[in-house]
Each structure stands twice: as structure tokens, then as C-alpha cells.
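>>> Okay, predicted coordinates and the sequence, questions at the end:
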Amino acid sequence: MDYFTHSLAGAIGLLASFDPAIYQIVLTSILISLTASIIAALLAIPSGVAMALNQFRGKAFAQHLLNTLMAMPTVVIGLLLYGLFSRQGPLGPLGILYTPTAVIIAETVLIFPIMMNLAITAVNSADSRLVPTLISLGARPIPLAIQVIRATRYAMFAAVITGFGRAIGEVGAAMMLGGNIAGSTRTMTTAIALETSKGEFQLGLALGLILLLFAFVLNMSLSLLNRSNYD
């Protein structure tokens, strides 16, 4: 208990001293996860809305596939992308392995099915009169989708926040594709794994406290969005 208390006090001291190494890691994590979230949102939300609004052969299979992708272990995603980006892989000449770009791609692939599924749920949970009313007013497919997104914007924001939270907590694929390079691809989660294995428990705990703070803020944001949605 004394060890943990001493480590906790040391971790708080590191945060209070504004150690540049810690905040460099935090900034790297935020930039990578935010970029991945924006890219995933731009792809997943329109795709989810289109899938929810249209009926087509194989829709049930596509939904099942989407659910499977949500449950895919992150190390599998990392393994597949590593095979693509490695020097011997088909995308090896691009030279993006062990760069922030590789981690962004991995996190985008990871959170895309989550955001898309939440977008589908948002549309399906909307007022049942919304789509028929818009169609009766002459809305064509693209304007229809835009109006549906506007009507379900709080749920869409919640999908983006959920995806960001999942991305910033990713460790497996980030470690495999980023290489945990200081100042480049070292995120909070990969740094925690590295520093703890080196016996630097205080630094790992300091980063863990920041991750807990992020989790608190994200959950608070989701609660506020849900409250706004029902007001």
C-alpha cells in the first residue's frame, strides 16, 4: 500500500510539474486520435445513414459483418495492416510503417464500424415520421440524408465522441504499427505499457490518471448530449 501511495504522489507531482515528456505524449495521443476520429466520422456517418435509409439485398449480412468488425481484436487489425505496410507488403514502398500515419489508419479502421453502427442506430431510433415527411416534401437522397443527420445530430456527436474515446485508449494496433517512437508515435497507452515494463510505475500511473480524466470528460459529454437529445 505504501508503494502505491508513494507512486500515486509521485505521479501527481509529475503532472503538477508539467513534465514536457508527459505532455508531449498526451499531445501526440490527442492529435492521432482526433485525426482518426474526424476521418472515420466523415466516412462512417454518411455510410451509416445511407445503410439505414435504404433497403438492398444483403443488408442483413452487411449488418452482421459490421457487428463482427466491431468485435474484432485490435491486434488482428494491427496484424493485417502490418502485413500491408511492412517492407515486404504491397504498401511497403509508401514507407508509412512506424509513422503517425500508420497509427491513424489503424485507429480509423478500428473505430469506423463503431461509428457506423451508432449512426445506423441513431437513424433507426429517430421519430418514425421523420423520413416519410421529408420524402413527402420532395427531399432527394442527398438532401434527405443531410436532413436526417441534422435531426439526429446529438446522436451523431455521441458516435464521434465514442469513437474518439475508443481510439485514444487503443494500445495493440498502435504498438504494432507505430513502434512506440518517442516524439512521433508514442501514445499514452503505449507509453504506459513501456514505462510499466521498465519499472517506471510513476510515469505510467501519471499517464493513466490523464486517461481516466479523458474517460470522465468523454462520459460527461455523452451524458450532456443525451440530456440535450431528450430536452
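Thanks, I have it.
>>> how about stretch 112-128: buried residues?
Buried positions in stretch 112-128, judged by neighbour count with 16 or more other Cβ atoms under 10 Å: F112, P113, I114, M115, M116, N117, L118, A119, I120, T121, A122, V123. C-betas here are computed from N, CA, C, even on glycine.
>>> any weak-confidence spans in the protein?
1, 228-231 (pLDDT under 70).
>>> now the helices: where do they sit in it?
Taking DSSP state H as the test, the helices found in the chain are 2-16, 20-53, 59-70, 74-85, 100-125, 130-136, 141-151, 153-168, 172-178, 188-197, 201-230.
>>> winner for burial among these?
helix 172-178 (a mean of 25; mean count of other Cβ atoms under 10 Å).
>>> Give me the contact list for it.
Residues outside helix 172-178 that contact it (Cβ atoms under 8 Å, 6 or more residues apart in numbering): 32, 73-75, 77-79, 81-82, 85, 97-100, 102-103, 105-107, 110, 180, 184-187, 189-190, 193.
>>> what's the answer for stretch 68-81, then?
102, 105-106, 109-110, 112-114, 117, 170-177.
>>> circling back: including distance to G92, could the helices of the chain go into TSV?
Converted to TSV, these look like this (distance: least, Cβ to Cβ, whole Å):
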stretch	distance to G92
helix 2-16	39
helix 20-53	21
helix 59-70	25
helix 74-85	7
helix 100-125	12
helix 130-136	46
helix 141-151	38
helix 153-168	25
helix 172-178	13
helix 188-197	22
helix 201-230	32
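>>> Would you mind saying which of those lies nearest P93?
Closest approach to P93 among those is made by helix 74-85 (10.1 Å; Cβ to Cβ).
>>> quick check: angle from that closest one to helix 59-70?
90 degrees (axes from the mean of the first three to the mean of the last three Cα atoms, to 10 degrees).
>>> Could you measure from I181 over to T108?
Shown here: I181 relative to T108, a distance of 20 Å by Cβ to Cβ, to the nearest Å.
>>> correction: I32
Counting by Cβ to Cβ, the gap from I32 to T108 is 10 Å.
>>> could I get the buried residues of stretch 112-128 as JSON lines with distance to S37?
Shown next, in JSON lines, are the buried residues of stretch 112-128 (distance: Cβ to Cβ, whole Å):
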{"residue": "F112", "distance to S37": "10"}
{"residue": "P113", "distance to S37": "14"}
{"residue": "I114", "distance to S37": "10"}
{"residue": "M115", "distance to S37": "8"}
{"residue": "M116", "distance to S37": "13"}
{"residue": "N117", "distance to S37": "15"}
{"residue": "L118", "distance to S37": "13"}
{"residue": "A119", "distance to S37": "13"}
{"residue": "I120", "distance to S37": "18"}
{"residue": "T121", "distance to S37": "18"}
{"residue": "A122", "distance to S37": "16"}
{"residue": "V123", "distance to S37": "20"}
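>>> Which members of these are the farthest-apart pair?
Top of the distance list for the buried residues of stretch 112-128 (Cβ to Cβ): F112 and V123, 16.8 Å.
>>> what about the residue lying closest to T189 once chain neighbours are set aside, distance to L27?
Once flanking residues are discounted, T189 sits nearest to V171: 3.8 Å by Cβ to Cβ, 6 or more residues apart in numbering. Applying Cβ to Cβ, the value for V171 to L27 is 18 Å.
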